[in-house]
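In: fold the following for me, if possible:
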Amino acid sequence: MSDASWPWWLYALDKTNAIVTTLTGSFLLYTRSAGVAYFTAGALLCSVTVKILKRCFRQPRPVIVNGRRKKTYGMPSTHSATITYFATYISLACAYLPIHPSLPASPLLSRVLPPLVVVPLASTIAVSRIWLGHHTWPQVAAGCAYGLLFAPVWFKLWAGGLNEHGGMLEDMLSI
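Out: Take a look at the predicted model:
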């Protein structure tokens, strides 16, 4: 199936990289939070480390575009790893971190709603990598496993003391 014949929702899922990046950047600019900047840096690091792993595994993608395979490798799926990192880290942040002053103080809006939205959305995005023909099930599963392992480690670094430096940085920048 070519891009032109995809339904709008499948086309949107194919463009999640740009959509999620734009939403993350907008959220960072809105909150001006060191914690959100740290979270964003974690997403970038997750993505970069997966790309390094791809070069180690060198497993081809299943897709043939214009009669030839994409030149990048498929194992593990970078999209799946990064979006699983997003879902896991956001869920942990909602459960364990204090609510940032720029966000609504309502626990329903700041603690319950984000995981209820991001977890199903992340799952849909990960599975869409297979629907779109970009990856195989094992490539997506490996990406999801990587994001699921990377996020708690990155979160623990923040919650284990780096957040104190983030608070000091925010205080210095608000002067």
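
In: pLDDT weak spots in the protein?
Out: The chain contains residues with pLDDT under 70 at 1-4, 63-70, 166-167, 169-175.

In: and the spatially most central residue of it, what does it touch?
Out: Nearest to the mean C-alpha position of the chain, by CA atoms, centre = their mean, lies residue 83 at 3.1 Å. If a contact means CB atoms under 8 Å, 6 or more residues apart in numbering, then residue 83 has 16, 20, 122, 125-126, 147 as its contacts. C-beta: built from backbone N, CA, C; applies to glycine.

In: which residues touch the closest residue to residue 82 other than its chain neighbours?
Out: Counting by CB to CB, 6 or more residues apart in numbering, residue 82 lies nearest to residue 47, which is 4.9 Å off, once chain neighbours are set aside. Shown in contact with residue 47 (CB under 8 Å, 6+ apart): 78, 81-82.

In: any idea how far residue 111 is from residue 47?
Out: For residue 47, the distance to residue 111 equals 27 Å [CB to CB, to the nearest Å].

In: the residue nearest to the centre of the chain: which element?
Out: Assigned by DSSP states H and E, residue 83 falls within helix 78-96.

In: give me the phi and psi for residue 73.
Out: Taking degrees, to the nearest 10, you get phi -90, psi 160 for the backbone angles of residue 73.
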